[in-house]
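Visitor: how would this look folded up:
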Amino acid sequence: MAIPPPAGLPEVGHHPPIPAHPLNYSNVLKSSPTIPVLSSPETANNGGNSSHCGTTSPMSISIPIKPIVYLHGEPTVRFEKKEVEVMIHQQELNLAVIGKFSHGWPEIGLLRTLIPKQCGLKAEVNIGLLCNRHVLIRCTIAEDYDTLMSRQTFEIKEKNKPYLMRTFKWDVTFNPEEETRFAYGWISFPGLPPHFHGESSLFSMAASVGKPISIDSATRNKQGLVVLELR
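Guide: Numbers count the residues shown, from 1 in each chain. Here you go, the predicted structure:
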């Protein structure tokens with residue numbers, strides 16, 4: 001479910017405004033907290049029971065070479081959904097962000113230096129040329145992913161010449177010929193009891209408004225407000 005973009009997303013390190021009258025969630029939440037059971041990507045779509053790899057890490061799973069199948073005379077290779085999820089893990093795309101330059105861009109070698117410095121990233125990132133005008137930024141920590149997703153645009157300067165970079169979440173439906181169909185915004189839960197501050201419970205509640213994609217750094221580090229970004 002897409003939501004219209006707000007008048008302005010919060011700058012990095014800032015929080016969205018909090019309502020003047022905090023809401024009370026005690027009437028809609030169970031009095032006895034439940035402990036969520038998180039399933040791994042390889043078991044999430046198999047009822048929690050994995051017949052593919054048990055508790056094996058996705059990084060150690062070997063996907064077999066697929067046979068060519070002809071469909072209406074055209075060669076086709078088919079992958080199962082759980083295999084695609086494993087490939088996403090293996091290619092380190094769980095925290096991947098697309099950077100789009102619509103009006104020119106520096107050479108990719110320079111971008112690998114400029115983007116981390118000028119976007120305030122803290123850990124190592126892998127930046128590659130995805131296709132014309134698009135770069136793929138693989139983050140290694142959630143905080144850097146949140147930083148890139150917390151703003152709609154970044155200004156990347158090379159020798160005092162600015163280049164506008166728009167950022168949006170990578171997913172398997174990415175098509176460089178189409179504009180993203182999604183808008184991003186923030187949702188907060190003021191007054192939410194602290195035992196519901198975990199990712200599983202927050203994502204479950206936020207799903208009633210849109211698709212949650214990240215939690216802000218203060219919430220993640222148990223330092224403040226409960227704020228999530230939605231698509």
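Visitor: What pLDDT does the model give Val69?
Guide: pLDDT recorded at Val69 is 93.
Visitor: And His103, by the same measure?
Guide: On pLDDT, His103 comes in at 89.
Visitor: And His197, by the same measure?
Guide: 82.
Visitor: Strands along the protein, start to end?
Guide: Using DSSP state E, the strands found in the chain span residues 69-71, 74-76, 96-101, 125-131, 134-139, 153-158, 161-169, 185-188, 212-215, 227-230.
Visitor: Compare those strands and give me the one nearest Glu177.
Guide: With C-beta to C-beta, the closest approach to Glu177 among these belongs to strand 125-131: 9.3 Å. C-beta here means a position set from N, CA and C on the backbone, and glycine is covered the same way.
Visitor: average pLDDT for that closest one?
Guide: On average, strand 125-131 scores 94.
Visitor: Equivalent analysis for stretch 138-149, please.
Guide: What stretch 138-149 shows for mean pLDDT is 91.
Visitor: can you list contacts of that stretch?
Guide: 12, 92-93, 95-97, 99, 119-128, 137, 154, 167-169, 184, 213-217, 220, 229 (C-beta atoms under 8 Å, 6 or more residues apart in numbering).
Visitor: list the buried ones in that stretch?
Guide: 138-139, 142-149 (16 or more other C-beta atoms under 10 Å).
Visitor: got a markdown table for those residues, with distance to His103 too?
Guide: Output for those, formatted as a markdown table (distance: C-beta to C-beta, whole Å):
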| residue | distance to His103 |
| --- | --- |
| Arg138 | 24 |
| Cys139 | 25 |
| Ala142 | 30 |
| Glu143 | 29 |
| Asp144 | 25 |
| Tyr145 | 25 |
| Asp146 | 26 |
| Thr147 | 23 |
| Leu148 | 19 |
| Met149 | 22 |
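Visitor: out of the residues you listed, which are inside helices?
Guide: Counting by DSSP state H, the part of those found in helices is 142-149.
Visitor: Flag the shaky bits of this protein, pLDDT-wise.
Guide: Within the chain, the ranges that satisfy pLDDT under 70 run 1-55, 180-184, 223-231.
Visitor: Kindly recompute the last result at 50.
Guide: Scanning the chain with the threshold set as pLDDT under 50 gives 9-10, 12-16, 18-21, 24-53.
Visitor: Okay, helices next: where are they in it?
Guide: Taking DSSP H as the test, the helices found in the chain are 41-44, 81-90, 108-118, 142-149, 199-206, 217-220.
Visitor: and the angle from the fifth one to helix 142-149?
Guide: Relative orientation of helix 199-206 and helix 142-149, computed by axes from the mean of the first three to the mean of the last three C-alpha atoms, to 10 degrees: 30 degrees.
Visitor: now do the longest one
Guide: For helix 108-118 against helix 142-149, the angle between stretch directions is 100 degrees (the same axes, to 10 degrees).
Visitor: Much appreciated, bye for now.
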